[in-house]
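J.: could you look at this predicted model? Sequence included:
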Amino acid sequence: MQEEKHTRESLFITLGYISPLFQCVRDHDKPLEPLLSLLGLAEDDLSCSDIRLPDSVINELHICAARLCQDHNIGLHAGQRMGLNNIGIIGHLMLTCTKTSQILNLHSRYQTLIGNGAMSEYTVDLDSVCLHFRRAEGAKPYQRHVYEFSLAGWMSLITLIAGQTIKPDLIEFPCEPPEDLSEQLAFFACELKYFSGNEMRIHFSRHHLERALLAGDSSLRESLEIAARQRLIELQGSYSNDSDSLLSRATHFIREALIHGPPSIEVAAEHLDTSVRTLQRQLSAEALTYKTLVDKARRELCGRYILNNNLSLIDVSLMLGFSEQSSFQRAFKRWFEITPGEYRRERVFS
């Protein structure tokens, strides 16, 4: 098994999540070896759903599967095979939800357990909801197959839990359209737009948020939430353990230290057993300053903390090392272009 190799990648996707693509190839009676070769895996590894695969090969994996199966819509077809078992503990948590808004809340909070090559964010206004599916900063754009796989998988899971489809009003794909749109129009059953950009957007009516779900057994939610939060903590720790670069270790130290206030570069260098000059040289090589590194660490943690309704805005401010609430408010508006209260009202579901 090649698990240790794959966990060293900074951007990843879990094998369980992408396994519907392998199932699609099997259903076409085609060999899996070309796909396995791309990943450095053996067929026995396919039973290990928690293996983290390098996100950088996802485009190539879909292209290879499309070529093998002579299927120009491989992502669309594979995504429709998505099941609760493909998303691990998130699938179990979905079964505890009583309405659609709770599923979207879970997706927002625990999506990095599945992969971090793209992030999903929901915005809500008076009449509609928009899912923003955005590629990670600096990562190579996804191709059409991957966007269709992700969206078809998302829709299939919600349909499975709700017992009926959530019909979007509009989907905006940041890629070139296929020559023949007939299958896409039939499956998504809404207006489709294609453009040059870095995020896919799915618009649907707000009334779907209150839709009652078929399962809705909340008795295990608390214990599953505890387990999911623990896995997020462990995953964060694995990022720092898997990467031995000085800047990765510096970022991890800053995150851990922020609750006591942002550490100075001198304190960080001492903790990392290096010199200030060496740390500055590494930062300069990446066109960064130490102040920027601290700011990025704060922004990333803030994006997670703000979605937790159990934390007050004062809690978030203190956990990010701000001594004054006004300083936190100014920083937040610079990061997200709206106030913390507005951000939370738009994105956090009850």
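T.: Happy to help now that I have it. Computed from a predicted structure; not experimentally measured.
J.: where exactly do the strands run in the stretch 1-150 of the chain?
T.: For the stretch 1-150 of the chain, the strands identified by DSSP state E, counting those that start in this stretch occupy 12-14, 52-54, 118-124, 128-135, in order along the chain.
J.: can you redo those strands as a markdown table with mean neighbour count, mean pLDDT and distance to Leu220?
T.: Yep, even glycine has a C-beta here, placed from its N, CA and C like the rest. A markdown table is the format used below for those (neighbours: other Cβ atoms under 10 Å; pLDDT from 0 to 100; distance: least, Cβ to Cβ, whole Å):
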| stretch | mean neighbour count | mean pLDDT | distance to Leu220 |
| --- | --- | --- | --- |
| strand 12-14 | 23 | 92 | 22 |
| strand 52-54 | 22 | 91 | 26 |
| strand 118-124 | 18 | 89 | 24 |
| strand 128-135 | 18 | 92 | 26 |
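J.: right, and the ones you listed - which one's nearest Pro31?
T.: The minimum distance between Pro31 and the strands of the stretch 1-150 of the chain falls on strand 52-54, with 18.9 Å, by Cβ to Cβ.
J.: so what's the residue count around Phe322?
T.: When neighbours are counted by other Cβ atoms under 10 Å, Phe322 registers 22.
J.: ok, Leu32 next?
T.: Other residues close to Leu32 by other Cβ under 10 Å number 16.
J.: shouldn't Trp154 be within a helix?
T.: Yes: Trp154 sits within a helix when classified using DSSP: H, G, I helix; E, B strand; the rest coil.
J.: around it, how many other residues sit close by?
T.: 19.
J.: how about it, what does it touch?
T.: For Trp154, the set of contacting residues under the criterion of Cβ atoms under 8 Å, 6 or more residues apart in numbering consists of 79, 82, 107, 131.
J.: surely the second one touches Leu151?
T.: No: judged on Cβ atoms under 8 Å, Met82 makes no contact with Leu151 at a distance of 10.4 Å.
J.: find the nearest non-adjacent residue to Glu179, please.
T.: Once flanking residues are discounted, Glu179 sits nearest to His72: 7.9 Å by Cβ to Cβ, 6 or more residues apart in numbering.
J.: the one you found touches Pro178, doesn't it?
T.: Yes: under the criterion of Cβ under 8 Å, His72 makes contact with Pro178 at 6.3 Å.
J.: all strands of the stretch 251-350 of the chain, in order?
T.: With DSSP E, counting those that start in this stretch, there are no strands along the stretch 251-350 of the chain.
J.: which stretches of it have low pLDDT?
T.: Scanning the stretch 251-350 of the chain with the threshold set as pLDDT under 70 gives 348-350.
J.: count of neighbours near Asp27?
T.: When neighbours are counted by other Cβ under 10 Å, Asp27 comes out with 12.
J.: re earlier: using pLDDT, spot the least trustworthy of the contacts of Trp154.
T.: Model confidence across those bottoms out at His107, which has 89.
J.: surely that residue touches Ser120?
T.: Yes: taking Cβ under 8 Å as the definition, His107 is a contact partner of Ser120 at 6.0 Å.
J.: follow-up on the earlier one: reformat the strands of the stretch 1-150 of the chain as a markdown table; add distance to Ile338.
T.: Formatted as a markdown table, the strands of the stretch 1-150 of the chain follow (distance: least, Cβ to Cβ, whole Å):
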| stretch | distance to Ile338 |
| --- | --- |
| strand 12-14 | 30 |
| strand 52-54 | 33 |
| strand 118-124 | 10 |
| strand 128-135 | 14 |
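J.: wait, which of those is closest to Leu224?
T.: strand 12-14 (17.5 Å).
J.: residues in contact with the closest one?
T.: For strand 12-14, contacts defined as Cβ under 8 Å, 6+ apart pick out 6, 49-55, 58, 88, 113-117.
J.: what about 6 Å?
T.: Taking Cβ atoms under 6 Å, 6 or more residues apart in numbering as the criterion, the residues outside strand 12-14 that touch it are 52-53, 55, 114-115, 117.
J.: same check on stretch 83-94?
T.: Taking Cβ under 6 Å, 6+ apart as the criterion, the residues outside stretch 83-94 that touch it are 16-17, 103, 106, 110, 114, 161, 224, 228.
J.: may I ask which of those has the most neighbours?
T.: If you count neighbours using other Cβ under 10 Å, the busiest of the contacts of stretch 83-94 is Ile103, which has 25 neighbours.
J.: leaving out sequence neighbours, find the closest residue to that residue.
T.: Closest residue to Ile103 apart from its sequence neighbours, by Cβ to Cβ, 6+ apart: Cys97 at 5.1 Å.
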